[in-house]
Structure formats: C-alpha cells, structure tokens
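**Student:** Build me a structure from this.
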Amino acid sequence: MPAQILNYLRPPYHLTLAWLGDKIYRHPSHELTVIAVTGTKGKSTTVELISTILSTAGVKTASLSTIRFKIGDESRPNLYKMTTPGRFFVQKFLRDAATAGCTHVVMEMTSEGAKQYRHRFIELDALVFTNLTPEHIESHGSFLRYKEAKLSIATALEKSPKRPRRIVSNLDDEHGKDFLNINVEEKLPFSLDALNLYTLHKDGIGLIFKDGGEEITIRIPLVGLFNVYNALAAITLARSLDIPWRMIEKALGTLPPINGRVEHFYSPADGIKKITAVVDYAHTPDSLEKLYQAFKDVPKVCVLGNTGGGRDRWKRPEMAAIAEKYCDRIILTNEDPYDENPRKILEEMADGIENKAKLDIIMDRRLAIRTAFQESKSGDYVIISGKGTDPYIMGPNNTKQKWSDAEVVKEELNALSESE
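**Tutor:** Numbering: from 1, shown residues only. A predicted model of the protein is given here:
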C-alpha cells in the first residue's frame, strides 16, 4: 500500500480500535479515578511516587508504566518494550483494576501512544506534566509535533466529563505554562519556589516545605535534582487529593528502590574492591547529563549504548560528548541496534569524544559491564545507562535477546568478588 494512503488510514484505524476497546471492556475508566503522567523524563518515577503515596494513604491503587503493571498488591514487569501497550490491553487493565476493587489508577501516557490514539476513550481525572525536551523527533517529524502529541493528552483531560479535573504542571519547564492553558477546575503549578530548601546527596534528597506556620521535612532515598522535581509533582497532586503531609512523609521516606531508575547495586561486603553500580534508563542528552550530575563528586566509569537504531541519530555524538565531560572512563556498548549496524552506531557516538584515551568500544554488553567493574577502583561508581528495565536487546528484523541490566550487574559483581 502506498505510504500516502497508509498515513491517511492510520488515524481512523487507531481511533476505531480505541473505541472498540472501551466498548468491549464496558467503559472501565468511568469507575476509576484516572491520573495520567506525561512528559519526556521522569514519568515512570512519578507514577511510582504517586502510587506509593496513594497506597500508603490506604487507597487501593493500580499503576501502568514502562516499569511494571500493578493492581493492588499484584505486580508484574512490563515486557512489551512500550510504555502504553495497545488499546485493548489498556482497557482490559482498567477493567481488571476496577474488578479488583481499585479506586485509583496512575498511568504513563506517551507521545507515541497519543499519536496512535491510545489515550482516547480513557476519561481522565488528572494529568501531571513533568518536563519536555527533544525526543522521538524522527518519529513525529519535528519537536513541535512531538509537543503537540503531548498537549493532546492535556486536551483529553479538558474534554473529560469527570469533575473536578486537575492539571499539575512543572512551571520551571519552559513548556509548563502551555499545559496549564486548558480549561479545567484545578490548575496546580509546581516549581522549586514551593520549597524553603532542598538538599542533594549521593544517597538521597531532602525537601523542606512551609505549610502555614508548620515546617515539613521529607527525606527521600532518591538522588538528583530531577528527582526533586518528580517528588514535587507527586506531592502537588497528593496534596490536591487532601492526603495529609504525614502520609506523604511516611510513603516517600520509606520508598522502596525503583527498578531501573537510578537503581543502586553494591559489590559483596566480603569483597576487597568496593564498587557502587547504578542502572538507569537515561537515553536522552538531558537525562544523561542530569544522571551524571547527581554523582558529580565521585569517580565514574560510564557504560552507555547506541540510543536505539533507526531513530534520533542526532543525539549519538552529543550523548558521548556528555559522557566525556563527566566520566573518568567511557565504555560504549551495544544496546538496541534494530536494523542498523551496531558497530557503526557506536562509531557515530565516538565521533563526539575528543579524548579517545578514555574510550573503549566493547560490543558485548555483558563484557562491557564486566570490564567496567574490572577497571574500576575501590570507591568508584559504575553507571550503566540506556536500558533501565528494558527486557530485551533488539536486533534486526525484530529479533530480540532476553536481557536485564540489573541481573547482569548482580552476577558480574558477585563474579568479581569471587575472583579477588
């Protein structure tokens, strides 16, 4: 079929599927409070933060994100390599959540999903906007179209029959005001100005709020300024739902590790070499730089990949240049080449590095991680970025190799300790 005709037919095709999914599963979003989270970065973490706060406050909650699908106490990893799966999947998930007695659902919504109308016929109660930086430009055609896809989710909130509708938006982001420019009952901007003080440490962040005459201190076992913003987004939404400060403090203070999002691993206690490994999903220049900045005062060996074959080629040398700026040692490795030559992708990345003496290219991702541990010194941080919880390395013709950065890191740290 000619591309012009195919492009013409795609919108009604996707819209019809969205409508059918809603009908087949009997309009499940009518029975739930649906909170959507969108933005370029921080969506999965913000979903986890909101879900944790709600659950701690006694609300039976479901969540859908790049990381996992959770209904009440039941959770399973997202193995689809897409944040928002097909319309029938999402509508069935919402129906299962309602049947299980959940009252609230927190879900990621992406520009790619919006482009295929996967957000349609889901009646929203609230939308949280985290930030907006260039991504998926080749897929959407331009940054403007990428932004318009995100804004279409805000428009869906505006058209929702639910009341009250809430929009939570990052006012420190240059695009935050655009998301507040919709007709809803509650517009809830957030920014660093909402804080009396914040602190950043390599083992956590601290937030100090003033509420009337009371000072509230919340300590969270997450790192980086980006997680200050994620926490602010979640707290702003939670306070609008009248969740007490003490519940928010309890939920975030005891937050379990978030898989694949600045997730820490440590060499065994009996090992001679003490290494901290960090696994993170950072796959854009902005997110990678913010990840490295969170560990700016420690020596770093950095393992990063090809940022995905067939898309966003512009960011390859840029991400490598960021690694050169912040890392003591750089290992470029295979990630998700799809139908591109994986070696050529890494060579394009290497063009962004001037000091080739600090660079290695190791195609085998496991060997790259093993080498990083072997070459690091006691006290070093090994930062492995790009995949997070991605369950596969994608190759040509949609072939896939089962993969887990977290499992490989644990295995290689143990093997290193045994060889000492």
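
**Student:** which one's the longest helix in this structure?
**Tutor:** helix 3-24 (DSSP state H).

**Student:** Now do the buried residues in it.
**Tutor:** His14, Leu17, Ala18, Gly21, Asp22 (16 or more other Cβ atoms under 10 Å). The C-beta positions use only the backbone N, C-alpha and C, and glycine is treated the same way.

**Student:** Let me see the backbone angles for Lys162.
**Tutor:** phi -70, psi 150 (degrees, to the nearest 10).

**Student:** In contact with it, which residues are there?
**Tutor:** Counting by Cβ atoms under 8 Å, 6 or more residues apart in numbering, Lys162 touches Val34, Glu123, Leu124, Asp125.

**Student:** Just the buried residues of those.
**Tutor:** Here, 16+ other Cβ under 10 Å leaves Val34, Glu123, Leu124, Asp125 buried among the contacts of Lys162.

**Student:** Phe373: which of those is nearest?
**Tutor:** Checking those against Phe373 with Cβ to Cβ, the nearest one is Val34 at 43.0 Å.

**Student:** hang on, that closest one is in a helix, isn't it?
**Tutor:** No - residue state for Val34 (DSSP: H, G, I helix; E, B strand; the rest coil) corresponds to strand; a helix is not indicated.

**Student:** wait, what's in contact with Ile235?
**Tutor:** Here Ile235 is in contact with Ile53, Phe190, Leu207, Ile218, Ile248, Leu252 (criterion: Cβ under 8 Å, 6+ apart).

**Student:** please redo it, this time with the cut-off set to 6 Å
**Tutor:** Residues near Ile235 by Cβ atoms under 6 Å, 6 or more residues apart in numbering: Ile248.

**Student:** rewinding a little: among the contacts of Lys162, which ones are in helices?
**Tutor:** Among these, no member falls in helices (DSSP H).

**Student:** Relative to Lys274, which of these is nearest.
**Tutor:** Val34 (45.0 Å).

**Student:** That closest one touches Phe121, doesn't it?
**Tutor:** No - at 11.4 Å, Val34 and Phe121 do not qualify as touching, with contact defined as Cβ atoms under 6 Å.

**Student:** Show me what the closest residue in space to Asp360 that isn't next to it in sequence bridges to in the sheet.
**Tutor:** The shortest distance from Asp360 to any non-neighbouring residue, by Cβ to Cβ, 6 or more residues apart in numbering, is to Ile331 (4.9 Å). Under DSSP bridges, the beta-bridge partners of Ile331 are Val303, Asp360.

**Student:** what's near enough to touch Ile331?
**Tutor:** Val303, Asp360, Ile362, Ala368, Ala372.

**Student:** Spatially nearest residue to the third one, not counting backbone neighbours?
**Tutor:** Of all residues not flanking Ile362 in the chain, Ala368 sits nearest, at 4.1 Å (Cβ to Cβ, 6+ apart).

**Student:** isn't there a helix covering the one you found?
**Tutor:** Yes - the assignment for Ala368, made by three-state DSSP, places it in a helix.

**Student:** mind checking pLDDT for it?
**Tutor:** Ala368 carries a pLDDT value of 98.

**Student:** Just to check, it is in contact with Leu304?
**Tutor:** No - if you go by Cβ under 6 Å, Ala368 and Leu304 don't touch, sitting 9.4 Å apart.

**Student:** Okay, helices next: where are they in the stretch 201-350 of the chain?
**Tutor:** 225-240, 245-253, 285-293, 315-326, 342-350 (DSSP state H, counting those that start in this stretch).

**Student:** Mind checking these for the one nearest to Asp390?
**Tutor:** helix 285-293 (14.6 Å).

**Student:** For the closest one, list the C-alpha coordinates in CSV.
**Tutor:** Output of helix 285-293 as CSV, limited to C-alpha atoms (Å, rounded to 0.1, in the frame of the first residue of the first chain):
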residue,chain,number,x,y,z
PRO,A,285,21.2,14.0,26.3
ASP,A,286,19.4,16.0,29.0
SER,A,287,18.5,12.9,31.2
LEU,A,288,22.1,11.5,30.8
GLU,A,289,23.7,14.8,31.9
LYS,A,290,21.4,15.1,34.9
LEU,A,291,22.2,11.5,35.9
TYR,A,292,25.9,12.2,35.8
GLN,A,293,25.4,15.4,37.7
